[in-house]
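Asks: Sequence and predicted structure below; questions after.
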Amino acid sequence: MEKQFDHEWQTPQPDGSTIFRTCAWSPPGDHPVGCGVELHVKDGKLVHVEGDETHPITQGRLCPRCLALKDYTYDPKRIIHPMKRDPAKRGQSDAWEQITWDEAYEIIQEKVADIEQKYGREAIVVYGGTGREACMFYYPVAFSVLNTPNLCYAQSGWSCYGPRSSVADYILGAGYPEIDTGYFPDRMDNPEYELTEVAVCWGKMPLWSNGDGFFGHSLIDMMKRGTKIICIDPRVTWLGSRKGNMTLQLKPGTDASLALGILNVIINEDLYDHDFVDNWCYGFDELAERVNEYPLELVEKQTWVPADQIRTAARVMANAHPMCILWGLAIDQNKNGVQAGHAILSIMAITGNIDVPGGLTVGDPSVRLGHWCTDSRQYLSDEIWEKRIGVDKWPAFAATMASTHPDETLETLETGIPYAPKMAWINSSNFVSATCSDQNQRWYKALLPMEFTVASDLYMNPTIEGLADLFLPMSTFAEHDGFVIPYYMSNNVWLGCMAKAFSTGDTKSDLEICYEVGRRVTPHANWSKYNDVTEWLEEQLDDEPLLPFTWDEFKEMGVYFPPMTYRKYEKGMLRNDGEPGFNTVSGKFELYSVLYDAWGEDPMPYYEEPTYSQVSKPELAEEYPLMATSGARVSAFFHSEHRQIAKLRALNPDPEVEINPVTAAKYGIQNGDWVQVYNMFGKGNWRARVTPTIDERTIHCQHGWWFPEEDGDAPNLYGVFKANFNLLVPHFNVGNLGFGCPAKGIMANIRKVASLEDQNEENYQQVPPVLIENHGRIY
Amino acid sequence: MADYSNYGLLIDYKYCDNCGSCVVACQEEKGLAADQYGIKVFEKGPWKKDDATMEDGWDWDYVPVPTDRCDLCASRLDAGKKPMCVKHCLTFCMDYGPLDELAKKAAGLGEKVAIFKVH
């Protein structure tokens, strides 16, 4: 085939070094953005990192995390040999002992055989972390390597990407939709592309938020060409503050109400696309009726956004063509998020911005790369698949997610019902820190009784220090071969090649660990048939007729843009039967969801007040008068990673809480003071960043914090419980379909404290049990 | 090494979003420690404007400022490469070159542009 790009993947230099060109994913962490990197390697060591100016998306730019890759690679704290520890010494940081990979494999083989014989393979649970390349491998780690049906992403309500992906599947019948930024070799200059006139960043700050395949700074490229941006966010961000951009500063967790208010304006002012609605939407009349339940006066009261601002924004959005909403994590971390996501996609649909140039790209059914994730399930018998934890109670969840239900998994761990998990495999996850799991101490305690726990990562972290018996050291993206698959295969607008440039110690990639462990402990699965992982990489491309190149050719190309077709729904390219329309029950975009109806959920979007707010719990309003939100990303860190890299830590030395100056003054808090944030579920200390960009009624706490410089021994575990927002977030506050959690909107209070260490135990009360009620269960 | 004394750094600072790439790129290039800087980002604001509108409400900018350690990456310029900070800026808000050329560029860039003459 004709090469889209013509350049070498390795270029020898006169000084004896070699420049390797690759696309970054992880580890160290990021989502599959695939930034173009040049790695300068001399005598087998990385000596310099630069951006790749020939990369069509990033064009030479790099964020600080890739720029500091040399520091990350060679930091003395990095673990580059396998280690074991006596399970009786979990939580003892000096009890690790270096071993070889062969010893590690022998231990794994022996333990897996023992667990299988005593309890069955389903007693093994794999815990996968977010975003890293591990996302594409934790399915095979569970299904085809360890042969257990139990893969757990330990975030309450699976509240990251899964809900948005599922909503897209239910009502759009397609993979994760995201803004079109010109996925052609000549990008936005391609004649088929149209510049997005208005981009709406809804609960998403793409400059820092590690888009699931979207390079956030493309938005700046677009702004320079004329795109205007509307941010819908409890915080005014730098992006929303730029001249010409707008911010709707909503109360955390009220996104569904705001979306219904915007739909109300667009429908009642007749600003919608009649052609798209008449031909391609199902349930418009019902939606038109529903939005009348959300007059702007009510929406203002629910969301704090002034009615005139909602009206202005709705008109701007409806009159702009193309317009695109980028939906963020705030849609997932919300009990009412399925409805918010449904309403947001409905705005995109009725304004005619789905699958059009500059609008939302829609993934077609041809996955192209990444089949191995779900294909690995074929090595599980139906009998053992039926034992997947917790999904019988959540049919909607079970329909789109191939994992256990996370909240049910914690309860299974605690109760042994329906059976007791006995072995844990922690795959690039640091869930004891404030990353995914809520009520982290419960997860920590629930995992302590495991008979055997394996973890794979690059650095020690609180989760591994507290819980693991075997440490498998991983390679960085620069040290292994692989694929960058934006949106984790659900919308392959482009693909990147990760080409190994050098190696460090005895480290291995997710793929290499799958290969080595899989052929040892599950010989009936596919891993036994390859002589090395390169054969596996080659097979992924050989088996895919839509990708007409070999692994070696892909390394030379570096980046590949599959042919882009817009308005696929008109051309019969979205449905399995080849008919025009969408791959949904009705064959149309479902403003009214047929599936929700079948699952007993309201088929139309609706608003539900956050469970733990001053409105829902007026009796606690005085005690917890603020709405706390969390999780805004920063450029220095990927979730809980990078805290030990000095140059990155210097960009953000302490965990911060943003407080409005008026609120801060009320509490006697000054910029830089330490502040305890607490509610009925938990507490933690953050350093105050006093800023008018946050509402007087809202605070924002950074997530992911632990302190690699502190004592690692339990119970301190590198101070992981000192500034841990997820301790303030309850378990199992999920929506009717099993998704969502209140990590982005929960009532809390603050008080000034002396330091990070000043953890006053008396300043929060235990919640009366009746308050923590969900789906008929009381906690 | 060529003479770059008439060269400067241009910052189109309406676009600087404080990503920190210039800071770390420079530290890596110059072999600096985490508390040593060849360029550092400073913040102005955020202040809400007295006459704030939905589309123009805030006086809030970041400006990267070169330190005394900055030599505009003279050895990179000699090799035909860009300064590390200019190349890696995530918003492409930085440029370099002879001061007279930068002044002409600045005139075409609208509001909020700074030029630093480092030597």
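Replies: Sure thing, it's come through.

Asks: from what I can see residue A:457 touches residue A:470, true?
Replies: No - shown here, residue A:457 and residue A:470 do not form a contact pair, counting by Cβ atoms under 8 Å, at 11.6 Å. Where C-beta positions appear, they are placed from N, C-alpha and C, glycine not excepted.

Asks: Chain B against chain A: which residues are in contact?
Replies: With Cβ under 8 Å from any Cβ of the partner chain as the criterion, chain B meets chain A at residues B:14-15, B:17-21, B:23-25, B:27-28, B:33-35, B:46-48, B:54-58, B:60, B:62, B:84, B:87-92.

Asks: Now, those residues that are in helices?
Replies: B:21, B:23, B:24, B:25, B:27, B:28, B:84, B:87, B:88 (DSSP state H).

Asks: Can you classify residue A:80 as helix, strand or coil?
Replies: Secondary structure, DSSP: H, G, I helix; E, B strand; the rest coil: residue A:80 is coil.

Asks: what are the phi and psi angles of residue 99?
Replies: Here I'm looking at chain A. Backbone geometry at residue A:99, expressed as degrees, to the nearest 10, gives phi -130, psi 180.

Asks: my bad, the chain I had in mind was chain B
Replies: Per degrees, to the nearest 10, the backbone of residue B:99 is at phi -60, psi -40.

Asks: Go ahead and confirm it touches residue B:5.
Replies: No - Residue B:99 is beyond contact range of residue B:5, at 9.7 Å (criterion: Cβ under 8 Å).

Asks: out of these two, which sits in the busier spot?
Replies: residue B:99 (15 against 11; other Cβ atoms under 10 Å in any protein chain shown).

Asks: Please give me every residue in contact with that one.
Replies: Residue B:99 makes contact with B:6, B:7, B:8, B:115, B:117, according to Cβ atoms under 8 Å, 6 or more residues apart in numbering or on different chains.

Asks: swap in residue A:627?
Replies: Residue A:627 sits next to A:234, A:251-253, A:610, A:613-614, A:697-699, A:745-748 when contact means Cβ under 8 Å, 6+ apart.

Asks: how about a cut-off of 7 Å?
Replies: Residues near residue A:627 by Cβ atoms under 7 Å, 6 or more residues apart in numbering or on different chains: A:251, A:252, A:613, A:697, A:698, A:745, A:747.

Asks: what's across from it in the sheet?
Replies: When bridges are called by DSSP bridges, residue A:627 pairs up with residue A:698, residue A:747.

Asks: any idea of the pLDDT on it?
Replies: Residue A:627 carries a pLDDT value of 98.

Asks: next one: residue A:1
Replies: pLDDT, residue A:1: 57.

Asks: One more: residue A:777?
Replies: Among the per-residue scores, residue A:777 shows a pLDDT of 57.

Asks: before we move on, what about residue A:64?
Replies: So, for residue A:64, pLDDT stands at 97.

Asks: got a list of what the residue in the stretch 501-650 of chain A positioned nearest to chain B touches?
Replies: For the stretch 501-650 of chain A, the residue closest to chain B is residue A:646, as judged by Cβ to the nearest Cβ, at 3.6 Å. By Cβ under 7 Å, 6+ apart, the contact set of residue A:646 is residue B:34.

Asks: what's the weakest-modelled helix or strand in chain A?
Replies: strand A:777-778 (a mean of 54; mean pLDDT, DSSP states H and E).

Asks: Check which helix or strand the residue of chain B most remote from its centre maps to.
Replies: Of all residues in chain B, residue B:51 sits farthest from the chain's C-alpha centroid, using Cα atoms, centre = their mean; the distance is 29.2 Å. Using DSSP states H and E, residue B:51 sits within strand B:39-53.

Asks: strands paired with that strand, and their directions?
Replies: Taking DSSP bridges as the criterion, strand B:39-53 forms sheet pairs with strand B:56-66 (antiparallel).

Asks: Could you look up the next helix or strand downstream of the partner strand?
Replies: Toward the C-terminal end, the helix or strand that comes next after strand B:56-66 (DSSP H and E) is helix B:74-78.

Asks: Going by contacts, tell me the helices and strands next to that following helix.
Replies: In this structure, helix B:74-78 makes packing contacts with no helix or strand, judged by 3 or more Cβ pairs under 7 Å, 6 or more residues apart in numbering or on different chains; DSSP states H and E.

Asks: which residues touch that helix?
Replies: Helix B:74-78 is contacted from outside by B:1, B:2, B:4, B:82, B:83, B:84, using Cβ under 7 Å, 6+ apart.

Asks: Narrow these to those that are buried.
Replies: By neighbour count, with 16 or more other Cβ atoms under 10 Å in any protein chain shown, these hold B:4, B:82, B:83, B:84 as buried.

Asks: Would you mind giving these as CSV with pLDDT added?
Replies: Compiled in CSV, these are given as follows (pLDDT from 0 to 100):
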residue, pLDDT
B:4, 96
B:82, 98
B:83, 98
B:84, 98
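
Asks: What about the spatially most central residue of chain A? Give its phi and psi, please.
Replies: Closest to where the C-alpha atoms of chain A average out (Cα atoms, centre = their mean) is residue A:160, at 4.5 Å. Backbone torsions for residue A:160, taken as degrees, to the nearest 10, come to phi -150, psi 110.

Asks: With residue A:394 instead?
Replies: Per degrees, to the nearest 10, the backbone of residue A:394 is at phi -130, psi 80.

Asks: The residue lying closest to it once chain neighbours are set aside: what secondary structure?
Replies: Excluding the flanking residues, the one nearest residue A:394 by Cβ to Cβ, 6 or more residues apart in numbering or on different chains is residue A:738, at 3.6 Å. Going by three-state DSSP, the secondary structure assigned to residue A:738 is coil.

Asks: Would you agree residue A:738 is in contact with residue A:395?
Replies: No - in this structure, residue A:738 is not within contact of residue A:395 by Cβ atoms under 7 Å, at 8.7 Å.

Asks: which of these two has more neighbours?
Replies: residue A:738 (28 against 14).

Asks: quick one: contacts for the more buried one?
Replies: Applying Cβ under 7 Å, 6+ apart to residue A:738 gives the contacts A:157, A:394, A:396, A:397, A:405.

Asks: Please verify my assumption that the last one contacts residue A:398.
Replies: So the one you mean is residue A:405. No - judged on Cβ under 7 Å, residue A:405 makes no contact with residue A:398 at a distance of 8.1 Å.

Asks: which residues do the two both contact?
Replies: By the contact definition Cβ under 7 Å, 6+ apart, residue A:405 and residue A:398 are jointly contacted by residue A:391.

Asks: Please say which of these two ends up with more neighbours.
Replies: Using other Cβ under 10 Å as the criterion, residue A:405 and residue A:398 rank with residue A:405 on top: 28 against 17.

Asks: Per the annotation, how does chain A divide into domains?
Replies: With domains defined by automatic domain parsing, chain A comprises A:83-159+A:368-478+A:488-494+A:505-555, A:178-361+A:579-598, A:618-778.

Asks: of those, which approaches residue A:67 most closely?
Replies: domain A:618-778 (8.4 Å; Cβ to Cβ).

Asks: starting at the chain centroid, how far to that closest one?
Replies: 19 Å (Cα atoms, centre = their mean, to the nearest Å).

Asks: what does the model give the residue farthest from the centre of chain B for pLDDT?
Replies: Among the per-residue scores, residue B:51 shows a pLDDT of 96.

Asks: go on, residue A:367?
Replies: pLDDT recorded at residue A:367 is 77.

Asks: which one is residue 67 nearest to, not counting chain neighbours?
Replies: Just so you know, I chose chain A. residue B:24 (4.5 Å).

Asks: Wait, chain B was what I had in mind.
Replies: In space, and not counting its chain neighbours, residue B:67 is closest to residue B:37: 5.2 Å by Cβ to Cβ, 6+ apart.
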